[in-house]
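**Student:** Here is my input; please provide its structure:
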Amino acid sequence: MAVTDLGKKVFFLYPPSVIRDEMIGRLLDQEYEVYMLKDIRMCEPLLRSHPESLVFVNIDVGMSEPEWEQWIRKTMETPETAGIGIGIVTYNSDEALQRKYLMEIGIPCGFIKLKLGLDESTRILLTTLRANEAKGRRKYVRANCSNDTLSAINLREGPIKSSGKLLDISIVGFSCILDPDPAFQKNTILHDVQLKLRASLIRTKVVVFGMREHEGRTVYVMLFAEPHTQTSREKIRNFIQLTLQSEIELEVNSMKTVKQEETT
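**Tutor:** Numbers count the residues shown, from 1 in each chain. All right, here's what the predicted structure looks like:
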């Protein structure tokens, strides 16, 4: 399976508050894999590591506009990052500035004027993401929970009680390892399942979709068997975003450690 079949990472570099507080949630609702980056030094190694990702740069902060132009040109011309899709988000509505980035420099992901308002800016951004096939063939964003020590699953089904570790989660289901292993069969319905998603708790009903072996343990793949309430949906969405963000920061820190070891 090609990397792009799983979708593309969408980075926002120095995102303004309207993107952090409002637009990110709307993009998650449409199943885009979104990350926020607050430091250009954090961005550069990630773009090299994920050369088919998209990055939307807020040119209003971080550097002067000429410095942003230089950085964008360099990113587009460097072989390791030439495949990156670059777009701009800004409150600057200067038509000449827009023409420069779109026509002269040729950024592929648009010049989004935030002054147009949240709804219009979101519509333009979603159109851009679809045009750049950011979702790939993936239907749902799945967050890796394997490094999260604050999340867990507890369940009760008749005389069976078990708890365990979440491995990943999406809005439609999750996978986990249970201890003790209850030896559930495929299509078993579990009526009393509690998910601890960091500070949030969700009680739900699930169905065992399948099993696989991993390092001598049974990994259960569970699907939610009833519609989410608005509250539970928001809790899962928020947890997915926090987990995605934590994983990308862990990746950056790992890159820093490797670089330091290479230097020494």
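
**Student:** hey, let's count contacts and neighbours off CA atoms from now on
**Tutor:** Noted.

**Student:** ok, residue 94 - how many residues close by?
**Tutor:** The tally of other residues near residue 94 (other Cα atoms under 10 Å) stands at 10.

**Student:** Check the contact between residue 156 and residue 192; I expect there is one.
**Tutor:** Yes - taking Cα atoms under 8 Å as the contact criterion, residue 156 and residue 192 are neighbours in contact, 5.6 Å apart.

**Student:** Look up the closest residue to residue 46, ignoring the ones flanking it.
**Tutor:** Residue nearest to residue 46 in three dimensions, not counting chain neighbours: residue 252, with 7.1 Å by Cα to Cα, 6 or more residues apart in numbering.

**Student:** Tell me which residues touch that neighbour, please.
**Tutor:** By Cα atoms under 8 Å, 6 or more residues apart in numbering, the contact set of residue 252 is 42, 45, 46.

**Student:** and what of residue 205?
**Tutor:** Applying Cα under 8 Å, 6+ apart, one finds that residue 205 lies in contact with 189, 190, 191, 192, 193, 224, 225, 226.

**Student:** what helix or strand is it on?
**Tutor:** Take DSSP states H and E as the rule and residue 205 turns out to sit in strand 200-214.

**Student:** Count the residues that sit near residue 187.
**Tutor:** Counted with other Cα under 10 Å, residues neighbouring residue 187 total 13.

**Student:** That one looks like it's in a strand, true?
**Tutor:** No - remark: residue 187 does not belong to a strand; assigned using DSSP: H, G, I helix; E, B strand; the rest coil, it is coil.

**Student:** now it, nearest residue through space, not along the chain?
**Tutor:** Computed as Cα to Cα, 6+ apart, the closest residue to residue 187 that is not its neighbour in sequence is residue 208, at 5.0 Å.

**Student:** Wait, that neighbour touches residue 183, no?
**Tutor:** No - the pair residue 208 and residue 183 does not pass the contact test of Cα under 8 Å, sitting 10.8 Å apart.

**Student:** So for those two, which residue has more residues nearby?
**Tutor:** Just comparing residue 208 and residue 183: by other Cα under 10 Å the higher neighbour count belongs to residue 208, 20 against 10.

**Student:** For that one, give me its contacts.
**Tutor:** 184, 185, 186, 187, 188, 189, 190, 220, 221, 222, 223.

**Student:** distance of it from residue 254?
**Tutor:** The span separating residue 208 from residue 254 equals 35 Å under the rule Cα to Cα, to the nearest Å.

**Student:** separation between residue 186 and residue 128?
**Tutor:** For residue 186, the distance to residue 128 (Cα to Cα) stands at 40 Å.

**Student:** Between those two, which is the more surrounded one?
**Tutor:** residue 128 (17 against 14).

**Student:** Assumed the more buried one was part of a helix.
**Tutor:** Yes - under three-state DSSP, residue 128 falls within a helix.

**Student:** Please report how far it lies from residue 85.
**Tutor:** Taken as Cα to Cα, the spacing of residue 128 relative to residue 85 amounts to 10 Å.

**Student:** Report the buried residues of the strand holding residue 205.
**Tutor:** Judged by neighbour count using 16 or more other Cα atoms under 10 Å, the buried positions of strand 200-214 are 201, 202, 204, 205, 206, 207, 208, 209, 210, 211.

**Student:** Equivalent analysis for stretch 7-27, please.
**Tutor:** When burial is assessed from 16+ other Cα under 10 Å, stretch 7-27 yields the following buried residues: 7-16, 19, 23-25, 27.

**Student:** How about the contacts made by residue 76?
**Tutor:** 82, 83, 84.

**Student:** Is the last one in contact with residue 49, as I believe?
**Tutor:** Just to be clear, that refers to residue 84. No - when contacts are counted by Cα under 8 Å, residue 84 is not listed as touching residue 49 (10.8 Å).

**Student:** higher neighbour count, these two?
**Tutor:** More neighbours surround residue 84 than the other of residue 84 and residue 49, with 20 against 15 (other Cα under 10 Å).

**Student:** From residue 77, how far off is the more buried one?
**Tutor:** The gap separating residue 84 from residue 77 is 10 Å, by Cα to Cα.

**Student:** for the contacts of residue 205, which one is nearest residue 239?
**Tutor:** Set against residue 239, the nearest of the contacts of residue 205 by Cα to Cα is residue 224 (15.9 Å).
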